[in-house]
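J.: After the sequence you'll find the predicted model.
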Amino acid sequence: MALVLALAGCERAQDGTRAGPAQAPAGARAPSVTISGDQAIWPVPAWQPAPVAVDGTNARELRRQARAALREGRLYEDAEAALPILLALRRQAPEDEAVAALFDDALDALLARGEDALAAAASTPDAAHTAFEIAAVARVVAPSDPRVIAFLRRTDRAEEVERVLREGERALADGRIGETGGGAVAAFRRALALRAGDVRAQQGLAAAESALIRRAERAAAEGDFDRAEVWLGHAEKIRPEMSTVADARRRIALQRAVRIGQLRDRGLFALAREDGIDEARRYLEQILRIAPAADSAAVELRERIELATHYGLFRPGQAFTDAMSSGGRGPTMVVIPHGAFRMGAPAGEVHSTDAERPTRTIRFDRGIAMSRTEITVAEFRRFVQATGHRPRSTRRGFSTVYDERTGNFVRRGGVDWRHDYAGRIARDDDPVLHVSAKDASAYAEWLAAQTGERYRLPSEAEFEYALRAGATAPWPWGRGSPPPRAGNFTGALDVSPSGRRWTNAFAGYGDGAWGPARVGSYRPNGFGVHDLAGNVSEWVADCWHRSYRRAPRGGAAWFNPGCRTRVVRGGSWASAPAETRSAWRQGLDADTTGARIGFRVVRDL
């Protein structure tokens, strides 16, 4: 018999007519097992011997024909076959020994052919049909013969196998696979128990396995990979020795990986838009519903969403520059991670003042970018040349410089942003000096206009958060003198060009500089920023207030329009050790310029 799988959702009745559609559970595509009328194996119709006319004149010829048919193996097919002729001769001459001997030989040949058919039935389904036909013949020609009775017992067992096979095929066509018991799988296994190695039963089990795999594939196509695994688990119990389910599991795993990759890519594409975070989160939710634990794509998208939430398209520690509309690029910026810190100096901190209290927790839910170094002379020059801005020191014609002869800071004419701490022409990579708070703000506004990004001066909170870089001790490096190459501070080992030394300095420390060093000359802090605690003090955006009482709760600048006194943060090359503390702050007139004050910028992300 031919087993036809997945051809149509219906089956043929035994009479060859087409039956109604087979029903399968929702979501499953049941295989079809089609048995056409001309392929039906069991039951077979009763055998009727073809009529043979016998008279006194043709008996001898009929015996000759019977012998010839027997030699040729034509046993029962028509009126010229051996058994129909011999049955007719026996009725005409019951005592004829020659006819009896021929009949006995024909019966032996019939049963031998039947035994061969039974033996072949397990591997050749059509052989069962032959065996049943022979059994039908044997029942008619010699029903009481012991050889026939024994053969019929064996065909009864074969008929039971056929009945069970048809039961399994019917269940399979109806979608009753039997993954948890019963159904097609149980029937095919019973058939194999009755007749080991039966091809139809083996094909039926393969079809049942395929049906469950298709259910798994359907579930996977719908995104229900957990359900798909359930179906695969049932399928692999049917033929555990085969690799079919393992192959299907690999295909579905690839399908899942492709789907997860598509969702991740869509999420990342959404994050490229300013308002795409919520959409990316929806894609992440879809990934988490179908992805295995700790899936790398889910981890990646979650991290990117986290980064986008706090940093836009950037990552903590990333360095970048923005293009400017007039050509070239802006200062190098470093992304400062989001987080929280305790701002100010606790009561009892050595050298602290009430201006640094009360301490309060400041949380930054979004990172910022801060210029990696102070703004340089070259960067400020570009601003002046592009805008015609005249800084405060240029307009009034003087600034404060360090006088090596006296060791004091003195006012000197003709000094402005183009000069260094001693009034000489500055190098391009020196931090710009002799600029007021208003000059610094003007530069940040110009940079914002050039880049289209939100550049500004940092707030006090942002400056101290970046300076501390997670540290809670009085100085960014902890306590005591700074470690080697930590920055440009007043060290006891520093010596001026004329041999002067600091009277109030960090013991045992020397940085090799007297006056501001070139930007970036010392190690960056934990956030990748240089010289926040030393080199030059820096203007920030806040107005001066005598303490933090009634200060804004967040990290924004505390700014009052029209205020005249602004805040300076961070120690300088000429600051006392107490002024290098992380919490140190000072208020200065916004028009102040000098050899110890510069600035840097931040950019919102």
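T.: Everything's here; your move. Every value quoted in this text rests on a predicted model; they were computed, and no experiment measured them.
J.: CA only for contacts and neighbour counts going forward, please
T.: OK.
J.: remind me which residues of the stretch 1-150 of the chain are low pLDDT?
T.: 1-42 (pLDDT under 70).
J.: need the helices for it, in chain order.
T.: 59-72, 82-92, 97-120, 125-141, 146-173 (DSSP state H, counting those that start in this stretch).
J.: Tell me the helices and strands packed up against the second one.
T.: Applying 3 or more CA pairs under 8 Å, 6 or more residues apart in numbering; DSSP states H and E, we find helix 82-92 packed against helix 59-72, helix 97-120.
J.: do you know how far W544 is from P561?
T.: Distance, W544 to P561, using CA to CA, to the nearest Å: 12 Å.
J.: before we move on, what about V568?
T.: Note on V568: its distance to P561, by CA to CA, is 18 Å.
J.: quick one: which of the two has more around it?
T.: It is V568, of V568 and P561, that has more neighbours when counted by other CA atoms under 10 Å, with 26 against 6.
J.: still on that earlier bit, export the helices of the stretch 1-150 of the chain to a markdown table and append columns for mean neighbour count and distance to A216.
T.: Shown next, in a markdown table, are the helices of the stretch 1-150 of the chain (neighbours: other CA atoms under 10 Å; distance: least, CA to CA, whole Å):
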| stretch | mean neighbour count | distance to A216 |
| --- | --- | --- |
| helix 59-72 | 17 | 55 |
| helix 82-92 | 22 | 56 |
| helix 97-120 | 18 | 36 |
| helix 125-141 | 22 | 31 |
| helix 146-173 | 20 | 17 |
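J.: got TSV for those helices, with distance to S582 too?
T.: Converted to TSV, these look like this (distance: least, CA to CA, whole Å):
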stretch	distance to S582
helix 59-72	114
helix 82-92	117
helix 97-120	94
helix 125-141	91
helix 146-173	78
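J.: what's near enough to touch D403?
T.: D403 sits next to F409, V410, A422 when contact means CA atoms under 8 Å, 6 or more residues apart in numbering.
J.: Report the beta-bridge partner residues of the first one.
T.: Under DSSP bridges, the beta-bridge partners of F409 are Y402.
J.: pretty sure it contacts T400?
T.: Yes: proximity of F409 to T400 meets the contact threshold set by CA atoms under 8 Å, at 6.2 Å.
J.: picking up where we left off before, right, and the helices of the stretch 1-150 of the chain - which one's nearest A221?
T.: helix 146-173 (22.8 Å; CA to CA).
J.: In a helix, F341, correct?
T.: No: F341 is assigned strand when assessed by DSSP: H, G, I helix; E, B strand; the rest coil, not a helix.
J.: Could you double-check that it lies in contact with D365?
T.: No: here F341 does not reach D365: they are 11.8 Å apart, not a contact under CA under 8 Å.
J.: gap between E379 and A513?
T.: According to CA to CA, E379 and A513 sit 22 Å apart.
J.: Next: G114.
T.: 111 Å.
J.: go on, F269?
T.: Taking CA to CA, one finds F269 at 49 Å from A513.
J.: if you count what's nearby, which of the two comes out ahead?
T.: Just comparing F269 and A513: by other CA under 10 Å the higher neighbour count belongs to A513, 19 against 13.
J.: on that earlier part again, can you lay out the helices and strands packed on helix 82-92 as a markdown table showing distance to F132?
T.: Conversion of the helices and strands packed on helix 82-92 to a markdown table gives the following (distance: least, CA to CA, whole Å):
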| stretch | distance to F132 |
| --- | --- |
| helix 59-72 | 20 |
| helix 97-120 | 8 |
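J.: Right, I'll leave it there.
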